[in-house]
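In: Any chance you could fold what I've pasted below:
(chains A, B and C)
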Amino acid sequence: MSGDQHTARALRVDVAQTEPMPLHGRFECAAGELLALVGPSGAGKTSMLRVLAGLMRPQRGRIEVGTQLWCDSEQGIFLPPQRRHVGLVFQNYALMPHLSALDNVALALLHLPARECSAQARRWLDHVHLSLEQQQRRPGALSGGQQQRVAVARALAREPRLLLLDEPFSAVDQMSRQALYRLLADLRSDLDIPILLVTHDLNEARLLADRLVVMDAGSVLQEGPPEHIHRAPRNARVADLVGIHNRFQGVWVGPSGKAGWGLLKWVSAAGGDNGDMLLEVRDKGKIKPGQPVNWVVPGDGILLGADGIGQALEATVSDARHLGEITLASLTLQHDPQISLRITLAGPQRRRIASGDRLALRLDPALVHVMPLHQRPPGLSPD
Amino acid sequence: MDWQAFSLSIELAAVTLLVLLPPGVLGARWLARTRFSGKAWIEAFVVLPLVLPPTVLGYYLLVSLGAGSPFGAWMLDTFDIRMTFNFAGLLIASLVFNIPFIVQPVQRAFEAIPENLAEAAAVCGLSGWQTFWRVELPLAWPGILSAMVLTFVHTLGEFGVVLMMGGSIPGETKTVAIAIYDRVQSFDLAGADRMALLLLALSLGAVAASFFASARLAARR
Amino acid sequence: MRAVCLIQRVVLLCALALSLAAPARAAEPPTVAAASDLKFAIEEVAARFQRETGQRMRLVFGSSGNFFSQIRQGAPFHLFMSADEDFVFRLADQGLTLDRGRLYAYGRIGLMVPRGSPLKADGELRDLALALRDGRLKKFAIANPEHAPYGARAKEALQHAGLWADIEPRLVLGENISQAAQFASSGATQGGIIALSLAKAPQVSALGEFALIPESWHRRLAQRMVLLRGAPPAARAFYDYLATPAAQDIMRRHGFAMPGE
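Out: Numbering: from 1, shown residues only, chains lettered A, B, ... in the order given. Prediction:
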């Protein structure tokens, strides 16, 4: 399928409201793309989904799917859910408890003649691997994973132009979750519509989504591919929301003399000046010298051993936990014991370390991401 | 055994149910799904017949519907319809005193339905009416059933309002409860016993049957 | 979608029930609103009337005062047989009756003492006075004097005997004389003042003893009946039948005195 056709069926959203709860955001999702809305509870993810499904009318906004205009507050257009052809998998599935799995799916096919309706419903349930016997059961007699597959089948039976999944994996056990991941992956290759997934599980989002939309307090903070957001969060809040543990404060010193590189002074949160903690990192020329900054380094930017690229640092292990396949460790810097880093060791890098051990480590300068502090003074940054 | 009184009571209960059920169910659903500032007042009015002494209710109905009242006189002059001391009057009274018995349990039943089921139905393409008919009504059904039984049995047993409104006319307004009262007054205690026992058995049976039905419905969920 | 089908069936059933219930009631026999003291007498008269003429009457018993209020509210009665004259005259004054009616009987009251009561059946109420003083009397039944003529006469008799003030706190008021008789004969009270016509009925006389109170102790219970506006000819036929010797015999047997006696 060509890229033009993908954009021709894409979802374009621009929503702005202050009442009854703030909701701001603007993003797009191409056909065949899976977009994950991530953020803490109360961030407005589900509200955004409800706006898209037509269950909530935004104060201002415009929603387009392909050539269809679903909502435009300026023209007073707001299509009800019945006219949108949205597939929505609710967080708790919202299956009708009095209807069999088959009848639940048939509910989305009522426009068809009765016989065709149940034949179609059966086809969709076969598609999500529900046995004939299970299809006759009511939701109460199905496991969480089976219920969810019914919910997915019902959403798909609608032949949606947009598929919305609201925390679909939160209530199922790990095994069914893996099976559902596979199901979703299969569906993605079959369907050629935009898919939106709401989740608070970042691993899940990274695993499944092509792009992330990070939301907080009703606003979209950043949008982009998961690895980009992890390497270059727009600000400290995004870094926190996407689960970057190693976030530090500093002051931008200025160009280092090497073209494209600059100097970053590393300061501890307590504000103590340790003089010579200077790091040489990439300079995009956007930050003025003397500007206080936040900076982050992803897990794969912290390298063990004294030799190689990047600046060598001395650290002491303050805490080490050996879990199944990984080791989690907290380190404090030799230069400034008030600064600590968290590392995860797995695979070849993993070794027996214990509290009190001394380690040599390096920060990959290419992966250090510096974010200017604009509005908020360092002491008030929300953590 | 005064079978005439029995059949009159059963007829009154059935017609009451029939007339009251559709608006009662729709009204209850409306109350369950709507929020507005004056709602508490409407709910209070719905409950009023339950807390008001039946004689007070009967008295108000008598003076507002009787031939001596402006409305009663107008109905009599214009349509030649009398609204007291006959079946129509009894029916009006019965409708009024049964409002809480229908609306309250049905409202609770609708309130117990998760709101996102209606939303899921809408997303599936169901119109408001389809959602009501295929999703909400079946889910509220146990509540509606018990409301129906309660209303029916309550109508069979109502005494005070009927006494005030009806006038104990055989075949017209003499219901079972009144007939039992009359039996006692005319020293026919054996007859009163038989009728009271039948009424008791009927009421108990109906209520128990509705409980069994609700339990079975609940088990199927 | 089993539940849906069930509901549809119920709706259908209800519609069917409505169509069955809808037909208007067939022409009903004329309705007689009779004072409670007539309960046994009028039932017998009406039965005889039906045997002779084939005309059935609908009988409703209650207190005369309640009937008076209900008739003013438009109750569809055809013949009103009151236990006194006042209610009839007041209805006549309001233009609700055909005429001022006719006196059909005189009633009597007496003291009813149920079996096992410590009270003696004494028509002059001497033992009642004693029982009030020595505490044997706990409860005493009369009809409500406010709206039941027999209650009003009972009150007059008790006042005549000088017992009213003492007995008032012990009174149990029947809604009509029939209920008072129920209280007085069932043992719920130690005694009561009830109508002779009720006391003579086998259902009541078997329950205790009865003694007439002197007629001079109260205003006479002149019982008057009246045809109401819109009364059908059959109601008038029954009204006239009540003046025949056959009907009067029955009334006399039930303890009523006939007009002119």
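In: Leaving out the residues flanking it, which one is nearest to the residue in the stretch 51-200 of chain C that chain B sits nearest to?
Out: Scanning the stretch 51-200 of chain C for the residue nearest chain B gives C:G74, at 2.6 Å (criterion: Cβ to the nearest Cβ). For the C-beta atoms, the positions are set from N, CA and C on the backbone; glycine is no exception. The spatial neighbour of C:G74 that comes closest, neighbours along the chain excluded (Cβ to Cβ, 6 or more residues apart in numbering or on different chains), is B:A67 at 2.6 Å.
In: any idea how far that neighbour lies from B:N86?
Out: 11 Å (Cβ to Cβ, to the nearest Å).
In: for the chain, what are the low-confidence residue spans?
Out: Since no chain was named, I'll use chain A. For chain A, applying pLDDT under 70 flags the ranges A:1-7, A:269-276, A:349, A:374-383.
In: not quite, I wanted chain B
Out: B:219-221.
In: Measure how buried the closest residue to chain A within it is and give me the count.
Out: Proximity of chain B to chain A (Cβ to the nearest Cβ) peaks at B:A120, 3.8 Å away. Close neighbours of B:A120, defined as other Cβ atoms under 10 Å in any protein chain shown, add up to 29.
In: ditto for the one 10 residues further on
Out: Using other Cβ under 10 Å, the number of residues around B:Q130 comes to 16.
In: got the contact list for it?
Out: By Cβ atoms under 8 Å, 6 or more residues apart in numbering or on different chains, the residues touching B:Q130 are A:L110, B:A121.
In: Going by residue numbers, what spans are helices in chain A?
Out: A:3-8, A:45-53, A:101-106, A:114-127, A:132-135, A:144-157, A:174-190, A:202-208, A:226-231, A:236-241 (DSSP state H).
In: and the angle for the longest one with helix A:144-157?
Out: For helix A:174-190 against helix A:144-157, the angle by axes from the mean of the first three to the mean of the last three Cα atoms, to 10 degrees is 20 degrees.
In: again, but for the fourth one
Out: Inter-element angle recorded for helix A:114-127 and helix A:144-157: 130 degrees (by the same axes, to 10 degrees).
In: Mind giving me the packing neighbours of helix A:114-127?
Out: helix A:101-106, helix A:132-135, helix A:144-157 (3 or more Cβ pairs under 8 Å, 6 or more residues apart in numbering or on different chains; DSSP states H and E).
In: which stretch among those helices comes nearest C:A148?
Out: helix A:101-106 (65.2 Å; Cβ to Cβ).
In: Which elements pack onto the closest one?
Out: helix A:114-127, helix A:132-135, helix A:144-157.
In: which one of those is the most hemmed in?
Out: helix A:144-157 (a mean of 24; mean count of other Cβ atoms under 10 Å in any protein chain shown).
In: got the contact list for residue 101?
Out: All of this is about chain A. So A:A101 contacts A:L95, A:L125, A:L130, A:Q134, A:Q135, A:Q136, A:R137, A:R138, A:P139, A:L142, A:Q146, A:V150 (Cβ under 8 Å, 6+ apart).
In: my bad, the chain I had in mind was chain C
Out: C:G101 neighbours (Cβ under 8 Å, 6+ apart): C:F80, C:V88, C:A92, C:R224, C:M225, C:V226, C:L227.
In: just the residues you listed now: which is nearest A:D14?
Out: Distances from A:D14 to these, taken by Cβ to Cβ, are shortest for C:F80, at 81.7 Å.
In: Am I right that that closest one falls within a strand?
Out: Yes: assessed with DSSP: H, G, I helix; E, B strand; the rest coil, C:F80 lies in a strand.
In: mind checking pLDDT for it?
Out: With respect to pLDDT, C:F80 has a value of 96.
In: Wait, it touches C:I71, no?
Out: Yes: at 6.3 Å, C:F80 counts as touching C:I71 under the criterion of Cβ atoms under 8 Å.
In: any common contacting residues for these two?
Out: C:A33, C:L91, C:L228.
In: what's the burial count for the last one?
Out: Neighbour count for C:L228, taken as other Cβ under 10 Å: 20.
In: I'd say it and C:I71 touch.
Out: Yes: assessed by Cβ under 8 Å, C:L228 is found in contact with C:I71 at 6.6 Å.
In: Check the spacing between the residue nearest the centre of chain B and B:F85 real quick.
Out: What sits nearest the mean C-alpha location of chain B, by Cα atoms, centre = their mean, is B:N98, with 3.2 Å. The gap separating B:N98 from B:F85 is 20 Å, by Cβ to Cβ.
In: what number of residues lie near A:D186?
Out: Neighbour tally, A:D186, other Cβ under 10 Å: 12.
In: again with A:V253
Out: If we define neighbours as other Cβ under 10 Å, then A:V253 has 17 of them.
In: Once you drop chain neighbours, what's closest to it?
Out: A:L263 (3.9 Å).
In: Check the gap between that neighbour and chain C for me.
Out: 72 Å (Cβ to the nearest Cβ, to the nearest Å).
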